[in-house]
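A.B. asks: sequence first, predicted coordinates after that:
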Amino acid sequence: MKTLSFRGLGTVLNTLLVVIGSLIGLAVGGSFPDRVQEVAIFGIGLITMGLGVQMFLRTKNPLVTVGAICLGGILGALMGLDFGVESLAEWARVSLGGDSRFNEGFVTACVLFCIGPMTLMGCLQDALERKIELLGLKSLLDGVSSIFMAAALGVGVLVSAVFVLVFQGLLTGLAGFLSGFAKDEELVGESVACGGVIMLAIGLNITGIREFSSVLFLPSLFLAPVMAAGSRRVLARFSKE
């Protein structure tokens, strides 16, 4: 794929495909019987948990993941992240006249579309190399996923496209600061592993096995690489001694 003329094209493409996929899902979703929609929702939950397990296996130090998840969850609770996100989702639901599943669709789609290695690496590639191979692939995956998610969870999935645009736009804009971190596979792996745990929590929510606000654990994505870098320095110091 040839070099592009401006940064952010990958994010624009990603947003457009989420919108298109969501519109298709909303158009055909109403024609499905309730049982079919329940099966689709449960299937999405199972796939989400499977992806979560795959992402968790990226960790090289499970203790870092455990510590980051625990501390991140506590920090998220103290910050009231769950209330903040739910308030935002509720405001959007009331403004757009969404149904009772709006909040679940919005929060689930936001996290699914924005947590994972392809999001970070794709935005960095877009910004630093003016290429969109990674975000192009991610866009296709998100577009297809949004069809089934919107059919099952409603218009909240469509509105999540705004979050995708803002979040990935910020990552693209901060590419210069994040490039050093992205080159360290160990640090990225620990952050991805925490993202996998969050994905597992989302899957449990979607399937109805256990309802809990996975948003609380978002700070762990930032704590994990910091803790991994710290533990690496400590181990290096002890090995010298």
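C.D. replies: Cool, the structure landed. Numbers count the residues shown, from 1 in each chain.
A.B. asks: going by C-alpha atoms from here, please, whenever you check contacts or count neighbours.
C.D. replies: Fine.
A.B. asks: list the helices and strands whichever strand or helix holds Arg233 packs on?
C.D. replies: For Arg233, the host element (DSSP states H and E) is helix 220-240. Identification of packing neighbours for helix 220-240 by 3 or more CA pairs under 8 Å, 6 or more residues apart in numbering; DSSP states H and E yields helix 62-79, helix 185-207.
A.B. asks: between these, which gets nearest to Gln168?
C.D. replies: helix 185-207 (16.0 Å; CA to CA).
A.B. asks: in the closest one, what's buried?
C.D. replies: 186-207 (16 or more other CA atoms under 10 Å).
A.B. asks: same check on stretch 211-229?
C.D. replies: Going by 16+ other CA under 10 Å, stretch 211-229 has these buried residues: 213-228.
A.B. asks: quick check: mean pLDDT of it?
C.D. replies: Averaging pLDDT along stretch 211-229 gives 88.
A.B. asks: same check, this time on stretch 150-164
C.D. replies: pLDDT averaged over stretch 150-164 gives 91.
A.B. asks: report the helix or strand with the lowest average pLDDT across this structure.
C.D. replies: Here the helix or strand of the chain ranked lowest by mean pLDDT, DSSP states H and E is helix 175-182, holding a mean of 73.
A.B. asks: buried stuff in that one?
C.D. replies: In helix 175-182, counting by 16+ other CA under 10 Å, buried: Ala175, Ser179, Ala182.
A.B. asks: tabulate the residues you listed (TSV), appending distance to Lys138.
C.D. replies: Conversion of the buried residues of helix 175-182 to TSV gives the following (distance: CA to CA, whole Å):
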residue	distance to Lys138
Ala175	18
Ser179	19
Ala182	18
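A.B. asks: what's in contact with stretch 194-205?
C.D. replies: 44-56, 65, 68-69, 108, 111-112, 115-116, 210-212, 214-215, 217-218, 220-221, 224 (CA atoms under 8 Å, 6 or more residues apart in numbering).
A.B. asks: so where's this structure shaky on pLDDT?
C.D. replies: Residue ranges of the chain with pLDDT under 70: 1-5, 98, 239-241.
A.B. asks: quick check: buried residues in the strand or helix carrying Ile24?
C.D. replies: Element membership for Ile24 (DSSP H and E) is helix 9-29. Judged by neighbour count (16+ other CA under 10 Å), helix 9-29 contains these buried residues: 9-26, 29.
A.B. asks: other SSEs contacting it?
C.D. replies: Using 3+ CA pairs under 8 Å, 6+ apart, helix 9-29 is in contact with helix 117-129, helix 133-153, helix 156-173.
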